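>>> Turn this into a structure:
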Amino acid sequence: MIIIAIKYISFYSLQFISFMFLFSVLGYYVFVFDWGGNMTWSAINAIILLMASSFSIAIYYLVGKLKLVL
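Numbers count the residues shown, from 1 in each chain. Down below sits the predicted model:
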């Protein structure tokens, strides 16, 4: 019973972390980052934005698959 509870808590905490990471990254780029600056700097930050968003979605997908397996 305790192992099931630990799995449940770990799955949902990882999903919550993934959710918070995604929205903190998107919030930074929407509200804080100045896109009107240097074109090279904006392109680098766009790549970082895509990588961070993909990483967050990958964590969410991995947790979903682990929940089905375990």
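>>> now for the longest helix anywhere in the chain, which elements pack on it?
Counting by DSSP state H, the longest helix found in the chain is helix 39-69. On a contact count with 3 or more C-beta pairs under 8 Å, 6 or more residues apart in numbering; DSSP states H and E, helix 39-69 meets helix 2-27. Every C-beta, even on glycine, is put in place using the N, C-alpha and C of the backbone.
>>> which parts of the helix it packs on are buried?
Using 16 or more other C-beta atoms under 10 Å as the test for burial, helix 2-27 gives 14, 18, 21-22, 25.
>>> now it and helix 39-69, what's the angle there?
Orientation of helix 2-27 against helix 39-69 (axes from the mean of the first three to the mean of the last three C-alpha atoms, to 10 degrees) gives an angle of 160 degrees.
>>> Columns pLDDT and distance to Lys65 on top of the buried residues of helix 2-27, output as a markdown table?
Shown next, in a markdown table, are the buried residues of helix 2-27 (pLDDT from 0 to 100; distance: C-beta to C-beta, whole Å):
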| residue | pLDDT | distance to Lys65 |
| --- | --- | --- |
| Leu14 | 91 | 12 |
| Ser18 | 92 | 13 |
| Phe21 | 92 | 18 |
| Leu22 | 89 | 18 |
| Val25 | 88 | 22 |
